[in-house]
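Undergrad: Provided below are the primary sequence and the corresponding predicted coordinates.
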Amino acid sequence: MSEKARKGCEILLHTCGAVKKGERVLVITDHTSKAIGEAMYECAAAFTDATLVCMPDRSTHGEAPTDAVAAAMKESDVMFSATTFSLYNSTARIEACESGSRFVNMADYSMEMLEEGCLFTDWEEVRRIVDSLKTRITGKELSIMTPAGTDFHTSIVGRHADTGYGVSREKGEASSPPDAECAVGPADDSAEGILVIDGSIPLPGLGVLEHPITLKVEKGYITSIEGGAEAGLLRETLAGFRDERVYLAAEVGFGLNPAGKLSGRMLEDEGVLGTMHIGIGNNLSYGGTCDTPVHIDLIMKSPTCIVDGTCVMKDGKLQ
């Protein structure tokens, strides 16, 4: 591991994970991300009691880990999940955090992310930005418009603000550094309108988009996907799950990391300040009951968002 990568691991260990001497650290990895997992384990093991477990790659974000890994997650104090696909929205992660373990998501990391970039942000400033928004995105109605053509509306009645500070310092807290965001879940069957995705879809074969993808949403679900080759790939990917629940509009998220830039990697892209994303599929983290193992984020640039008549973001700038 390079000295630069070690610095990134130390930020994750000490700033994002707030690991204390004597805490039990579990590093979860898979075959594709093994080098990242081993780097994180090396850093953690030099400081405290650490265990590294490796499992086969999952097939998508939110899919459950193996049973053995799920059991180990509940027995740890802090989890670092250096996996190709995110475990954040998995039932295993949720149950482990309910048991008191802290979770730091490192899905789809590259060695370059450990060496430089938006992981090296001012995390106290990030917390201030998140806190300034979280009370403003709950209410009754939320609308999104973008220059690319998004015109989306949903009820948010009964939904809470989910905060992503990029750090997991308290018992049961989960984070996905360098992602920093606030999010709220659409109320059941209420989302309607057009989404024009012109930023990124962090999935194999997609990433930063060359051409916009237009989605029609009716009664909470995506009903059509139009555009070029990238739209075709998204259609094929979603159809391949053979689960109608993956089309659910599950999350409305705001990227809030000032150092973020679109790269095609999920934990960088969904946290870019000035973007918003619609998460589709699993909505358990956002007050819903859809427990499909799939959660995918679709990122839009320069959004304007209005909550109960008040503009909270205009053309990508917080108000």
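TA: It's in.
Undergrad: please make it C-alpha for all contacts and neighbour counts, starting now.
TA: Will do.
Undergrad: am I right that residue 103 is in a strand?
TA: Yes. Counting by DSSP: H, G, I helix; E, B strand; the rest coil, residue 103 is found in a strand.
Undergrad: hang on, isn't it packed against residue 177?
TA: No. Using Cα atoms under 8 Å, residue 103 is not in contact with residue 177; the gap is 10.6 Å.
Undergrad: next, residue 278: secondary structure please.
TA: With three-state DSSP as the criterion, residue 278 reads strand.
Undergrad: tell me what it is bridged to.
TA: Listed by DSSP bridges, the beta-bridge partners for residue 278 are residue 252, residue 298.
Undergrad: list the contacts for it?
TA: When contacts are counted by Cα atoms under 8 Å, 6 or more residues apart in numbering, residue 278 is found next to 249-253, 297-299.
Undergrad: how many residues are close by residue 92?
TA: Neighbour count for residue 92, taken as other Cα atoms under 10 Å: 23.
Undergrad: what's the answer for the one 3 residues further on, then?
TA: Neighbours of residue 95 under the rule other Cα under 10 Å: 16.
Undergrad: what of residue 204?
TA: 12.
Undergrad: cool, and residue 119?
TA: For residue 119, the tally of surrounding residues (other Cα under 10 Å) stands at 24.
Undergrad: how about the nearest residue to residue 84, chain neighbours excluded?
TA: In this structure, residue 84 finds its nearest non-sequential neighbour in residue 108, 4.5 Å apart by Cα to Cα, 6 or more residues apart in numbering.
Undergrad: check that neighbour and give its pLDDT.
TA: Residue 108 is assigned 91 on the pLDDT scale.
Undergrad: equivalent analysis for residue 3, please.
TA: pLDDT recorded at residue 3 is 88.
Undergrad: for the one 5 residues further on, same thing?
TA: Residue 8 is assigned 96 on the pLDDT scale.
Undergrad: so it touches residue 115, yeah?
TA: Yes. Counting by Cα under 8 Å, residue 8 does reach residue 115; the two are 5.8 Å apart.
Undergrad: between the two, which one's more packed in?
TA: For the pair residue 8 and residue 115, the greater number of neighbours falls to residue 8 (22 against 18), based on other Cα under 10 Å.
Undergrad: related to what we said a few turns ago, ok, the contacts of residue 278 vs residue 282, which is closest?
TA: The shortest approach to residue 282 among the contacts of residue 278 belongs to residue 250, at 6.4 Å (Cα to Cα).
Undergrad: element containing the closest one?
TA: Per DSSP states H and E, residue 250 falls inside strand 249-255.
Undergrad: what element comes up after that strand heading to the C-terminus?
TA: Under the assignment DSSP H and E, the closest C-terminal helix or strand after strand 249-255 is helix 266-269.
Undergrad: which strands and helices sit next to that following helix?
TA: The helices and strands touching helix 266-269, judged by 3 or more Cα pairs under 8 Å, 6 or more residues apart in numbering; DSSP states H and E, number zero.
Undergrad: quick revisit: so which of the contacts of residue 278 sits lowest on pLDDT?
TA: residue 297 (94).
Undergrad: what number of residues lie near it?
TA: Counted with other Cα under 10 Å, residues neighbouring residue 297 total 24.
Undergrad: ok, it to residue 140 distance?
TA: 23 Å (Cα to Cα, to the nearest Å).
Undergrad: what about residue 158, distance to residue 255?
TA: Noted for residue 158: a distance of 22 Å to residue 255, by Cα to Cα.
Undergrad: and the two? Which one has more around it.
TA: Using other Cα under 10 Å as the criterion, residue 158 and residue 255 rank with residue 255 on top: 25 against 14.
Undergrad: what sits against that one?
TA: Listed by Cα under 8 Å, 6+ apart, the contact set of residue 255 reads 179-182, 269-277.
Undergrad: hmm, 7 Å instead?
TA: By Cα atoms under 7 Å, 6 or more residues apart in numbering, residue 255 lies in contact with 180-181, 270-276.
Undergrad: packing partners of the helix or strand hosting residue 313?
TA: Here residue 313, judged by DSSP H and E, is contained in strand 310-314. If you count contacts as 3 or more Cα pairs under 7 Å, 6 or more residues apart in numbering; DSSP states H and E, strand 310-314 packs onto strand 304-307.
Undergrad: what strands flank the strand it packs on, and is each parallel or antiparallel?
TA: Partners of strand 304-307 in the sheet, by DSSP bridges, are strand 141-145 (antiparallel), strand 310-314 (antiparallel).
Undergrad: let's test this: mean pLDDT of the first one, rounded?
TA: Read that as strand 141-145. Mean pLDDT, computed over strand 141-145, is 98.
Undergrad: quick one: name whatever helix or strand follows that strand.
TA: Next helix or strand after strand 141-145 toward the C-terminus (DSSP H and E): strand 151-155.
Undergrad: who touches stretch 290-304?
TA: So stretch 290-304 is contacted by 60-64, 89-90, 144-146, 197-201, 245-246, 270, 274-284, 313-316 (Cα under 7 Å, 6+ apart).
Undergrad: what are the C-alpha coordinates of it, in PDB please?
TA: C-alpha atoms of stretch 290-304 as PDB (Å, rounded to 0.1, in the frame of the first residue of the first chain):
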ATOM      1  CA  CYS A 290     -40.000  -2.200  -0.300                       C
ATOM      2  CA  ASP A 291     -37.300  -4.900   0.600                       C
ATOM      3  CA  THR A 292     -36.200  -5.800  -2.900                       C
ATOM      4  CA  PRO A 293     -32.400  -6.400  -2.700                       C
ATOM      5  CA  VAL A 294     -31.700  -3.800  -5.400                       C
ATOM      6  CA  HIS A 295     -31.100   0.000  -4.900                       C
ATOM      7  CA  ILE A 296     -29.700   2.100  -7.700                       C
ATOM      8  CA  ASP A 297     -29.100   5.800  -7.800                       C
ATOM      9  CA  LEU A 298     -29.800   8.000 -10.900                       C
ATOM     10  CA  ILE A 299     -28.000  11.300 -10.700                       C
ATOM     11  CA  MET A 300     -29.200  14.700 -12.200                       C
ATOM     12  CA  LYS A 301     -27.200  17.900 -12.700                       C
ATOM     13  CA  SER A 302     -28.300  21.500 -11.800                       C
ATOM     14  CA  PRO A 303     -31.600  20.600 -10.100                       C
ATOM     15  CA  THR A 304     -34.100  23.000  -8.700                       C
END
